[in-house]
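A.B. asks: Sharing a model that was predicted from the sequence below.
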Amino acid sequence: MYFLKRLAFAIPLLLVISALAFGLMRLVPGGPFDRERAPASPEIERNQKAKYHLDEPLWKQYARYLRDLAHGDFGVSLKYRNHTVNDIIAQGLPVSMLLGGLAFCFAMGVGLPVGFFTAARRGGWPDHLGSFLAMLAVCVPGLVIAPLLILIFSIKLKLLPVALWDSPWHMILPVIALGLYFAGKVARLTREGMLHAMQSEFVTAARAKGLGENRLLFKHAFRIAVLPVVSYSGPMLADLLTGSFIVENIFQIPGIGVFLVNSVTNRDYTMMLGLSLLYAVLLIGLNLLVDFAYTWLDPRVKYE
Amino acid sequence: MTLFKRARRFCSRARFSLPGCGLLLAGLLLSGCARHEPPADITIINAAEPESLDPAIITGQPELRVVQGLFEGLTRLDPKTARAIPGMAERWKISPDGLVYTFHLRTNLVWSTGEPITADDVVYSWIRALNPATASDYAGQLYYLKNAENFNTGKIKDPSLVGVRALDPFTVRAELNHPTAFFLDLCAFPTLYIVPRQTIEKYGDHWLMVRPLPSNGPYELVTWRLNDKIRLKKNPRYWDATNTQSEIIDLLPVGSAITSLNLYQSGQADVVWDKNLVPVDLLDVLLKRPDFHTFDFLATYFVRLNVTHKPFDDPRVRRALALAVDKERIVKKITRAGERTTSHLVPDGTANYSSTTGLDYNPELAKKLLAEAGYPGGKGFPRFNYVFDAAVGGASQLHENVAIELQQMWRDTLGIEMELRPMEWKTYLGAQAHLDYDTTRSSWVGDYNDPMTFLGMFTSEDGNNRTGWKNKNYDTLIQAANEQPDLAARAKIFQQAETLLVRDEVPVIPLFFYVGINYFDTNKIAGIYPNILDIHPLQTIKRIKN
């Protein structure tokens, strides 16, 4: 019931987002057809604007956009004039999702065990080492990590390709570059969660009843410890999707992040609107999924 | 920890890791199956992703380099000299007054999909570029034809009044408004390329998505994946297919200079041919290598002065500013790629012309002129701004560094204060267009090999003027030059105009001529020749086999 309400609320939310994005975009000076070389006559610019309905009053353009949107048509890109925004999303989104998905798996696959292990061996050298590495991963930005990885693994050791996205070997460095920050975050969250869970009453009770340490840690404490990580998954997935721009730029990966950022400089209105809406849909959907996972994991949590 | 405990731990953690690993594996497998293409003969890094492959609407260099492989016009450019040589037309006749061109097409021309190409296709293509509905940025390239501008601006609606006609299936006649020395060069420009009417009439704006895409150039389009790769393969039906050197060419749209260099060094790319793809910080080291080639380029870097803002309305002030710039210092310290300093606007080596000199570095004269204008030692001179486009890193750092040098020079020599005003790209364009600046950095790349492409823009009504400078004498000179069929006399008139521009009135201060840079190993790749237009036809490029 709660989730159905959330879904219903999403539609007006997206409408507001589209109106805001549309309005903000038009406030920015400059247009999609401004170039260094002025066209030979002002009629040329007028023809261009007319072709893409940019000479109509704003409300009319917005209404036209919404009508096309209802048919699933995001419009033609004003920069890549032979491609529709739908084309570009169809080409780029799977790539970004794969990159983001793999980075998510990497972050979880590395972060959870490290966090768990540092909490289980608290105070000892594994804890200090693990915590330090996690801190490093969080503090060093992807902009630094990516070239470093390329320098070591591609240029010096010649083990992996330097850029592009042609084979599974090409994916390793970008996934690590993107996922390392989140792995560090997840590790720290898991560790805190574990430490907190190990103090809680039900763990003390179970220990008093004679339950083995390992079973205690895994089956009971871990399930509660992982809750902060699950809540963080929502914003994490959002960050992975939007933050892929830097990694995509350095490794020349044909994902969607580059299009979103460049569409602002290009004043590519349809692209900006289309991709903003896409991201909004993804974020709303992912956050909903995360909240759902939360109820499944922790039976104490109930939504009104 | 015992093995048993380890196994138990793994199984418990499986709730999260197992589905995670499953996803990973599935993803890897899926994408592993995705692409198994044969490698290309040549891989070229082409800077930006082309905005379009429609010859009628493209304006930029990266687009031009791809489109040149797919389509062709009546003439094409010689790879060594970049002058016009026969393309779709095998010969032509020019009337003595220079106003009528009669082109004779080759009789065996076909599209890559088999349809014949005739004179009607030429007329169709040129009219299409002029049609207001096509919204072509560069329709102005065709304005030299009779009534072309009227048709494009909507003053006349009947395309048959435009000065291009098919006399018979293999003869095209073009009628011009006035003698145009560079008209044959224009015929090799993408806006005048011949496009497949049968496909465009059927598919409209989506014609470039059709596969196989009909092409009349040396190559056909195989794949076009945005921000990923454009693959071209040899078109066996091209009239000169026997001379096409490579079978498959890949063009990669890589935006980052460092990534380009890495791809080149690791052997994943053979050629990198855009000046912006050379990491600026490594310039000194890279230019010493034999595989880095620099060449003179038809482009000028200059400063625009807004003559509608006081005190820049006084030519003495403008001349003082020009005389106070030590251009040698800028190219030696900032740009460092071997650029040639200049006191005139039209690059040396431009066809049909040789420039006169403008104002060279002369700080004493600069001080004297400023004093004459009423600001001795810079006293009373208002604080003014220098607008330039700033971007994160890369070649745009150059503009800021040049700005700082200019600020220093003008302060030291003239005692005037300049304020740096960096702007985002389109905001910068807007500031120039609306004359919302005092001084601004500018550059201009020639469209064709003739001084008109540089000098024409400073006539009073030209949209590219952007200085507010309106001079009747200059307009008259440019018009007279354009009506002059004799090349030598024409050059003399242009010289007078340029002298007025860069020595007397000085609404612009030319700084240096650009240098093009590309890199490839000359022991491995042949067929790329340095020329002033930086145009390298794809069909001549080949890998040297030993």
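C.D. replies: Yep, that arrived.

A.B. asks: Endpoints of stretch B:338-355, how far apart?
C.D. replies: Taking CA to CA, to the nearest Å, stretch B:338-355 runs 20 Å from one end to the other.

A.B. asks: Now that stretch: average pLDDT?
C.D. replies: When pLDDT is averaged over stretch B:338-355, the result is 92.

A.B. asks: Could you see whether chain A lies near it?
C.D. replies: No - contact between stretch B:338-355 and chain A, assessed by CB under 8 Å from any CB of the partner chain, is absent, since the two come no nearer than 15.7 Å. Placement of C-beta: from N, CA and C, glycine included.

A.B. asks: Output the lowest mean pLDDT helix or strand found in chain A.
C.D. replies: Every helix and strand in chain A was compared by mean pLDDT, DSSP states H and E; the lowest is helix A:213-215, with a mean of 69.

A.B. asks: Just give the nearest non-adjacent residue to B:Asp274, would you?
C.D. replies: Using CB to CB, 6 or more residues apart in numbering or on different chains and skipping residues adjacent in sequence, the residue nearest B:Asp274 is B:Ala47, 3.8 Å away.

A.B. asks: show me what contacts B:Arg231?
C.D. replies: B:Glu37, B:Ala40, B:Leu221, B:Val222, B:Thr223, B:Trp224, B:Ile248, B:Ile249, B:Asp250, B:Leu251 (CB atoms under 8 Å, 6 or more residues apart in numbering or on different chains).

A.B. asks: And it, how close does it get to chain A?
C.D. replies: Distance, B:Arg231 to chain A, by CB to the nearest CB, to the nearest Å: 13 Å.

A.B. asks: Need the pLDDT of that residue.
C.D. replies: 96.

A.B. asks: Please identify which helix or strand holds it.
C.D. replies: strand B:229-234 (DSSP states H and E).

A.B. asks: In the stretch 101-250 of chain A, where is pLDDT below threshold?
C.D. replies: Counting by pLDDT under 70, the stretch 101-250 of chain A has low-confidence residues at A:214-218.

A.B. asks: Run through the residues of it sitting next to chain B.
C.D. replies: Proximity of the stretch 101-250 of chain A to chain B, by CB under 8 Å from any CB, involves residues A:101-102, A:105, A:108-109, A:112-113, A:116, A:147, A:150, A:154-155, A:158, A:161-168, A:171, A:214, A:218-219, A:222, A:226, A:249-250.

A.B. asks: In helices, which of those residues fall?
C.D. replies: A:101-102, A:105, A:108-109, A:112-113, A:116, A:147, A:168, A:171, A:214, A:249-250 (DSSP state H).

A.B. asks: Can you tell me which of the residues you listed is nearest B:Lys155?
C.D. replies: A:Asn249 (46.1 Å; CB to CB).

A.B. asks: ok, that closest one - contacts?
C.D. replies: With CB under 8 Å, 6+ apart, A:Asn249 has these contacts: A:Gly257, A:Val258, B:Gly255, B:Ser256.

A.B. asks: May I ask which of the residues you listed has the most neighbours?
C.D. replies: Sorting the contacts of A:Asn249 by how many neighbours each has (other CB atoms under 10 Å in any protein chain shown) puts A:Gly257 first, at 24 neighbours.

A.B. asks: next one: phi and psi at it?
C.D. replies: Main-chain torsions, A:Gly257, degrees, to the nearest 10: phi -60, psi -40.

A.B. asks: cool, and B:Thr439?
C.D. replies: Residue torsions, per degrees, to the nearest 10, at B:Thr439 are phi -130, psi 150.

A.B. asks: can you tell me how far the residue nearest to it when sequence neighbours are not counted sits from A:Asp239?
C.D. replies: Excluding the flanking residues, the one nearest B:Thr439 by CB to CB, 6+ apart is B:Tyr386, at 4.8 Å. Counting by CB to CB, to the nearest Å, the gap from B:Tyr386 to A:Asp239 is 38 Å.

A.B. asks: out of these two, which sits in the busier spot?
C.D. replies: Shown here are B:Tyr386 and A:Asp239; by other CB under 10 Å, B:Tyr386 has more neighbours (22 against 17).

A.B. asks: what about the residue in the stretch 101-250 of chain B that chain A sits nearest to, how many residues close to it?
C.D. replies: Minimum separation of the stretch 101-250 of chain B from chain A (CB to the nearest CB) falls at B:Gly140, amounting to 2.4 Å. By other CB under 10 Å, the residues close to B:Gly140 number 21.

A.B. asks: Helix, strand or coil: sort out it for me.
C.D. replies: Following DSSP: H, G, I helix; E, B strand; the rest coil, B:Gly140 is assigned to helix.

A.B. asks: Next one: the residue nearest to it when sequence neighbours are not counted, what pLDDT does it get?
C.D. replies: Closest residue to B:Gly140 apart from its sequence neighbours, by CB to CB, 6+ apart: A:Ala40 at 2.4 Å. pLDDT recorded at A:Ala40 is 80.

A.B. asks: Tell me how far A:Ala40 lies from A:Gln61.
C.D. replies: Taken as CB to CB, the span from A:Ala40 to A:Gln61 is 27 Å.

A.B. asks: more crowded one of those two?
C.D. replies: Between A:Ala40 and A:Gln61, counting by other CB under 10 Å, A:Ala40 is the more crowded of the two (21 against 17).

A.B. asks: So for chain A, the centremost residue is which one?
C.D. replies: For chain A, the residue nearest the mean C-alpha position is A:Leu241 (2.3 Å; CA atoms, centre = their mean).

A.B. asks: ok, it - contacts?
C.D. replies: By CB under 8 Å, 6+ apart, the neighbours of A:Leu241 are A:Ser96, A:Met97, A:Gly100, A:Gly257, A:Tyr279, A:Leu282, A:Leu283.

A.B. asks: Only the buried subset of these, as a PyMOL command please.
C.D. replies: Per 16 or more other CB atoms under 10 Å in any protein chain shown, the buried members of the contacts of A:Leu241 correspond to this PyMOL selection:
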select buried, chain A and resi 96+97+100+257+279+282+283
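
A.B. asks: show me where the stretch 51-200 of chain A has helices.
C.D. replies: For the stretch 51-200 of chain A, the helices defined by DSSP state H, counting those that start in this stretch cover A:58-70, A:85-120, A:125-139, A:142-149, A:168-199.

A.B. asks: With distance to B:Leu287 added, can I get those helices in CSV?
C.D. replies: Output for the helices of the stretch 51-200 of chain A, formatted as CSV (distance: least, CB to CB, whole Å):
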stretch, distance to B:Leu287
helix A:58-70, 49
helix A:85-120, 36
helix A:125-139, 37
helix A:142-149, 22
helix A:168-199, 29
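
A.B. asks: So what does B:Leu251 look like in phi/psi?
C.D. replies: Dihedral angles (degrees, to the nearest 10) for B:Leu251: phi -120, psi 120.

A.B. asks: roughly how far out does the biggest strand by length in chain B sit from the chain middle?
C.D. replies: In chain B, taking DSSP state E as the definition, the longest strand is strand B:292-305. Distance of strand B:292-305 from its chain centroid, counting by CA atoms, centre = their mean, to the nearest Å, is 12 Å.

A.B. asks: May I have the strands that pair with that strand, each with its orientation?
C.D. replies: strand B:439-445 (antiparallel), strand B:508-519 (antiparallel) (DSSP bridges).
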